[in-house]
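Asker: model the following, please.
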Amino acid sequence: MSTRQSPAEPDDNDDQADAVGPARPGRTAYRRGAANPNGSTTALRSDVLGALGVLKVATADQLQRLLRPGAASNKAVRQALGDLALHGLVASDGNTRNRHKTWRLEGTAGLEAAGQVLGLPRADMGSTARGAGRSGAQHAMAVNETVLAFVRGGTAPEAAGGVGTVTDWATEVEFLLPGGRRKVRPDAVLQAPEIGVPVLMVEVDRSTMAPERVAAKFTAYRELFRTKVKSTDPALADRESADGTVHWWRRTWPGHTRPGYPPVALVVTGAGPIALANRQEAVADLSAEIWRGQGYTVPQDDNDGDGWREYDDAVPILATTLELLAEHGPLGPVWWRYGRPGQHSLLDALENPNNRAAYNQRQKAREKKARQEHREWMRTLACADCGKVPKEESTWHYGPDGRQVEWIRLPGGRCWTCHQEHTERLEREAEEQLEAARTANAALRPCWTCRGSIGGKEDSKLELRQEASPDRLECLQCASDRETEKLGPLLLPAPTKREQMAALLSAPDDPWWEVRVLHAKLYPVKDRAA
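Answerer: Here you go, the predicted structure:
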């Protein structure tokens, strides 16, 4: 279908006569043929027939914006409609609320002519929508504006472009539910495999229907999409179930790569922005079972109960307003995917939210964060001696009693090797200190009570492990026994006069002499009895 032909230019296939001379300066007049007295071109009449074959009922203004968007007015389209009406192929039987005349195909001849343009048999052309214009065809006009927004793209500056042409659409398509009980009838069906959308069902809601009834449509869609048929297509062999069946929609519209059923777009209009937003929320809540999918959680300590959803038995539902769609186009950020926050472009909105891939990304991020935190924690456990960073927080080893115990590293601590070396060094130093203490204590005066080493018996529990102080008179064992028997403090006997006289001549050969003299001064003999 041509979309570049200007209405003012003659077509090579036109049935007009040759030019007969200028009608006005700068313009050429053409003699109008008897068959098409309005002077329309064959290409435009063909495009109009095809568009009406898809839309069923439309205004000249809508056809002009769809077929000849660059034209200054819809005069050429009205001329084509007039010529088609003279041939009995189209008819007008009403007006919109804005007083725009509505046009439709007329009779079998109109349907067959449009079918030839679209390459469809008569059985697939549907009805002529007779009488739809008498009530203004409000719903049909809203559907047409939706198709226009998809095909032409957004009207806002720098808005995204459109998708496909009008021939990629179908309206009044009916699908029977299993058993033929009732029908599912989308307002429009788009096929755009070139952008990765094999099929998109479109529901246009003018806010005249209760949200419960709108949500019930999605239940019918899922029931329809669940239908399976026998498959003989080798290309679908990998999607067949054990009984050799496949979902009928996969056979009808091949090329689906996303889990779940074909998507359904809900375009709402007929109310203010707040009312439309509330309406979308209400429909989302009422149809949650249809689009939410099956949830799965992974009971792990590091994921806080996180999980994902599988969408094999879910219907992806996208919602927007007709006003946003017309302003930004279908590829603009106008779609709210039920179950996913924010507004997205068409292709982004079709990606299933919170699926296994999204969970895997979150889990990888958690594991990466945990590894980073572990590395940072390990750096705090660097060995105080050799500086090496451990790979584990603790090391298992066997204790002295043969049982396996856990040795935990702490910040500022040592690795196991350095810890062992440090322990062995301390033990050696303790042994060396003990030997030095034994030697020094052996050189001091002996214990007053037991006459043994002032440091006590070697390897006993009460052996002094350091050099005894100069004022110590008993070993620890004798001092403990004295305390146990409550004998009171040890007082050495005072020096006799003979010993004092001898000390004037030479140093006494008595290791306790100085202490005896000191005790005699501190504790006079006359006071000791008291």
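Asker: could you use CA atoms for every contact and neighbour count after this?
Answerer: Will do.
Asker: how about the strands of the stretch 101-250 of the chain, start to end?
Answerer: Counting by DSSP state E, counting those that start in this stretch, the stretch 101-250 of the chain has strands at residues 102-105, 169-170, 175-176, 183-184, 188-192, 197-205, 228-230, 245-247.
Asker: okay, those strands in a markdown table with mean pLDDT and distance to P333 next?
Answerer: Formatted as a markdown table, the strands of the stretch 101-250 of the chain follow (pLDDT from 0 to 100; distance: least, Cα to Cα, whole Å):
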| stretch | mean pLDDT | distance to P333 |
| --- | --- | --- |
| strand 102-105 | 94 | 32 |
| strand 169-170 | 95 | 22 |
| strand 175-176 | 87 | 31 |
| strand 183-184 | 88 | 29 |
| strand 188-192 | 96 | 18 |
| strand 197-205 | 96 | 17 |
| strand 228-230 | 85 | 34 |
| strand 245-247 | 87 | 31 |
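Asker: wait, which of the ones you listed is closest to A216?
Answerer: Of all the strands of the stretch 101-250 of the chain, it is strand 183-184 that lies closest to A216, at 10.8 Å by Cα to Cα.
Asker: run through who's touching the closest one.
Answerer: 174-177, 217, 220-221, 224 (Cα atoms under 8 Å, 6 or more residues apart in numbering).
Asker: again, 6 Å this time
Answerer: 174-177 (Cα atoms under 6 Å, 6 or more residues apart in numbering).
Asker: repeat for stretch 475-487
Answerer: By Cα under 6 Å, 6+ apart, the list of residues contacting stretch 475-487 from outside reads 447, 454-456, 462.
Asker: chain center to it: distance?
Answerer: For stretch 475-487, the separation from the chain centroid amounts to 77 Å (computed by Cα atoms, centre = their mean, to the nearest Å).
Asker: can I get it as CSV, trimmed to CA atoms?
Answerer: What follows is stretch 475-487, C-alpha atoms only, in CSV (Å, rounded to 0.1, in the frame of the first residue of the first chain):
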residue,chain,number,x,y,z
CYS,A,475,58.5,-20.7,100.2
LEU,A,476,54.9,-20.5,99.0
GLN,A,477,54.1,-23.9,100.3
CYS,A,478,55.2,-23.1,103.9
ALA,A,479,53.5,-19.7,103.7
SER,A,480,50.3,-21.5,102.6
ASP,A,481,50.5,-24.0,105.4
ARG,A,482,51.1,-21.2,108.0
GLU,A,483,47.9,-19.5,106.7
THR,A,484,46.0,-22.7,106.7
GLU,A,485,47.0,-23.5,110.3
LYS,A,486,46.4,-19.9,111.4
LEU,A,487,49.9,-19.6,113.0
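Asker: how about that stretch: buried residues?
Answerer: 475-479, 482 (16 or more other Cα atoms under 10 Å).
Asker: format the residues you listed as JSON lines; extra columns: pLDDT, distance to V197 and secondary structure.
Answerer: Below are these laid out as JSON lines (pLDDT from 0 to 100; distance: Cα to Cα, whole Å; DSSP: H, G, I helix; E, B strand; the rest coil):
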{"residue": "C475", "pLDDT": "91", "distance to V197": "98", "secondary structure": "coil"}
{"residue": "L476", "pLDDT": "89", "distance to V197": "95", "secondary structure": "helix"}
{"residue": "Q477", "pLDDT": "90", "distance to V197": "96", "secondary structure": "helix"}
{"residue": "C478", "pLDDT": "91", "distance to V197": "100", "secondary structure": "helix"}
{"residue": "A479", "pLDDT": "90", "distance to V197": "98", "secondary structure": "helix"}
{"residue": "R482", "pLDDT": "90", "distance to V197": "101", "secondary structure": "helix"}
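Asker: closest one to R425 out of the residues you listed, please.
Answerer: L476 (27.4 Å).
Asker: would you say G295 is within a strand?
Answerer: Yes. Counting by DSSP: H, G, I helix; E, B strand; the rest coil, G295 falls inside a strand.
Asker: what's the neighbour count on it?
Answerer: Neighbourhood size, G295 [other Cα atoms under 10 Å]: 12.
Asker: hang on, it packs against R309?
Answerer: Yes. Between G295 and R309 there is a contact under Cα atoms under 6 Å: 4.3 Å.
Asker: quick one, what contacts the closest residue to V298 other than its chain neighbours?
Answerer: Spatial nearest neighbour of V298, chain neighbours left out: G307 (5.7 Å); criterion: Cα to Cα, 6 or more residues apart in numbering. Going by Cα under 6 Å, 6+ apart, G307 touches 296-298.
Asker: phi, psi of G307?
Answerer: phi -170, psi -160 (degrees, to the nearest 10).
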